[in-house]
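Trainee: this one's structure only:
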């Protein structure tokens with residue numbers, strides 16, 4: 001059976017309109033009901049058999065243990081790919097930045113008083129803020145304790161697939177579809193492997209300065225799953241496809257991550273969860289051929305990747321971790 005028109009129009013990704021509609025309907029529930037439930041939900045964590053794991057995850061996302069102050073002056077700075085906001089939870093509005101970030105932060109912040117203040121930087125963040133700030137992504141290099149990770153833009157970043165095609169039945173090629181913009185890694189990759197027989201790669205969307213021959217049509221996620229290898233290359237920050245690639249029966253191939261999101265990319269192990277290649281891609285062909293010749297080794301990595309992905313599938317636990325992160329943030333800022 002062929003893919004539906006709607007599926008193809010969305011490239012196999014979840015329908016944004018339906019997700020937003022669900023989010024806005026959910027906002028009709030009074031926030032005060034969530035605030036009343038918060039103490040009880042936080043207490044329930046101690047009774048769970050995985051309470052240690054939950055606290056460990058929360059501490060990973062908010063690394064600082066030192067008290068800090070939120071500036072009493074409201075701030076709003078905008079860039080092409082991010083926004084920096086300092087102010088009350090209740091004063092952050094949907095029109096300030098993308099709707100997806102507004103709905104995702106509201107899922108968590110509605111559990112806390114609207115008068116609480118925070119530093120919030122939604123978007124593709126490739127720097128470390130000067131004071132503790134809630135972000136989607138943070139750098140892995142250096143002291144990143146001021147970057148407090150929350151699960152944001154999750155419709156785009158946190159989707160998974162049910163792949164029924166075994167690795168051994170897939171095509172012996174690697175696929176890449178994505179935008180280039182200012183990504184040095186993606187540009188280098190295409191310069192080396194565009195039109196290479198082991199690769200099906202190209203740039204999608206609007207041409208923002210790359211060679212015209214690189215431009216190509218999109219492929220759906222299901223069409224990606226026909227290939228043994230899927231390139232997961234960082235763009236403005238993380239590779240947004242990494243989560244669903246690791247849930248598939250294809251191998252995720254990427255350079256060592258330089259930043260991370262709620263997915264904790266910094267804890268991934270090369271050769272165990274994914275195939276790591278050098279930044280100059282000089283070993284890429286060799287790595288692909290090795291796993292083509294040794295499918296049992298590839299299947300071991302795929303099994304480990306599935307195990308890693310599974311930890312993010314418990315929605316109730318994920319919510320508890322998010323609440324713990326923000327509860328710690330407001331306690332350290334002296335507001336609780």
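Mentor: Great, that's in hand. Given the structure is predicted, the values throughout are model-derived calculations rather than measurements.

Trainee: right, and the helix or strand after the least confident helix or strand in the chain by mean pLDDT?
Mentor: Comparing helices and strands within the chain by mean pLDDT, DSSP states H and E singles out helix 5-9 as the least confident, with a mean of 48. From helix 5-9 onward toward the C-terminus, using DSSP states H and E, the following helix or strand is helix 16-26.

Trainee: can you pull the contacts of the closest residue in space to residue 323 that isn't next to it in sequence?
Mentor: By the measure of C-beta to C-beta, 6 or more residues apart in numbering, the closest residue to residue 323 outside its immediate chain neighbours is residue 111, 5.9 Å from it. For every residue, glycine as well, the C-beta is placed using N, CA and C. If you count contacts by C-beta atoms under 8 Å, 6 or more residues apart in numbering, residue 111 has them with 31, 34-35, 37-38, 41, 323, 326.

Trainee: In JSON lines: the residues you listed, plus neighbour count.
Mentor: Putting the contacts of residue 111 into JSON lines (neighbours: other C-beta atoms under 10 Å) gives the following:
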{"residue": "31", "neighbour count": "17"}
{"residue": "34", "neighbour count": "17"}
{"residue": "35", "neighbour count": "14"}
{"residue": "37", "neighbour count": "13"}
{"residue": "38", "neighbour count": "15"}
{"residue": "41", "neighbour count": "16"}
{"residue": "323", "neighbour count": "21"}
{"residue": "326", "neighbour count": "24"}
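
Trainee: between those, which is closest to residue 102?
Mentor: Using C-beta to C-beta, the shortest approach to residue 102 within those belongs to residue 31, at 14.1 Å.

Trainee: Considering the contacts of residue 111, which is situated nearest to residue 133?
Mentor: Of the contacts of residue 111, the one sitting nearest to residue 133 (C-beta to C-beta) turns out to be residue 326, at 12.6 Å.

Trainee: In terms of helices and strands, where is the closest one?
Mentor: Under DSSP H and E, the secondary-structure element containing residue 326 is helix 315-332.

Trainee: tell me which residues in that helix are buried?
Mentor: Buried residues in helix 315-332, counting neighbours by 16 or more other C-beta atoms under 10 Å, are found at 317-318, 320-330, 332.

Trainee: Same check on stretch 188-202?
Mentor: Neighbour-count burial for stretch 188-202, counted by 16+ other C-beta under 10 Å, picks out 189-190, 193-194, 199-202.

Trainee: Quick one: mean pLDDT for it?
Mentor: Averaging pLDDT along stretch 188-202 gives 96.

Trainee: Endpoint to endpoint, that stretch covers what distance?
Mentor: Its first and final residues considered, stretch 188-202 spans 12 Å by C-alpha to C-alpha, to the nearest Å.

Trainee: what sits against the residue nearest to residue 335 when sequence neighbours are not counted?
Mentor: Using C-beta to C-beta, 6+ apart and skipping the chain neighbours, the partner closest in space to residue 335 is residue 116 (5.1 Å). The neighbourhood of residue 116, defined by C-beta under 8 Å, 6+ apart, consists of 88-89, 109, 330, 335.

Trainee: Reformat those into JSON lines and put distance to residue 295 and pLDDT next to each item.
Mentor: Shown next, in JSON lines, are the contacts of residue 116 (distance: C-beta to C-beta, whole Å; pLDDT from 0 to 100):
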{"residue": "88", "distance to residue 295": "55", "pLDDT": "98"}
{"residue": "89", "distance to residue 295": "51", "pLDDT": "98"}
{"residue": "109", "distance to residue 295": "46", "pLDDT": "98"}
{"residue": "330", "distance to residue 295": "50", "pLDDT": "98"}
{"residue": "335", "distance to residue 295": "54", "pLDDT": "97"}
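
Trainee: Just the ones of these in helices?
Mentor: Judged by DSSP state H, helices contain the following of the contacts of residue 116: 109, 330.

Trainee: can you list the contacts of residue 116 in a markdown table and add distance to residue 102?
Mentor: Output for these, formatted as a markdown table (distance: C-beta to C-beta, whole Å):
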| residue | distance to residue 102 |
| --- | --- |
| 88 | 15 |
| 89 | 12 |
| 109 | 10 |
| 330 | 19 |
| 335 | 21 |
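
Trainee: Closest to residue 63 out of the contacts of residue 116?
Mentor: residue 330 (16.1 Å).

Trainee: Neighbours of the residue lying closest to that closest one once chain neighbours are set aside, how many?
Mentor: With C-beta to C-beta, 6+ apart as the measure, residue 336 is the residue that lies nearest to residue 330, at 4.8 Å, once sequence neighbours are left out. Residues within reach of residue 336, counting by other C-beta atoms under 10 Å, total 12.

Trainee: And residue 179, by the same measure?
Mentor: Around residue 179 there are 15 other residues, counting by other C-beta under 10 Å.
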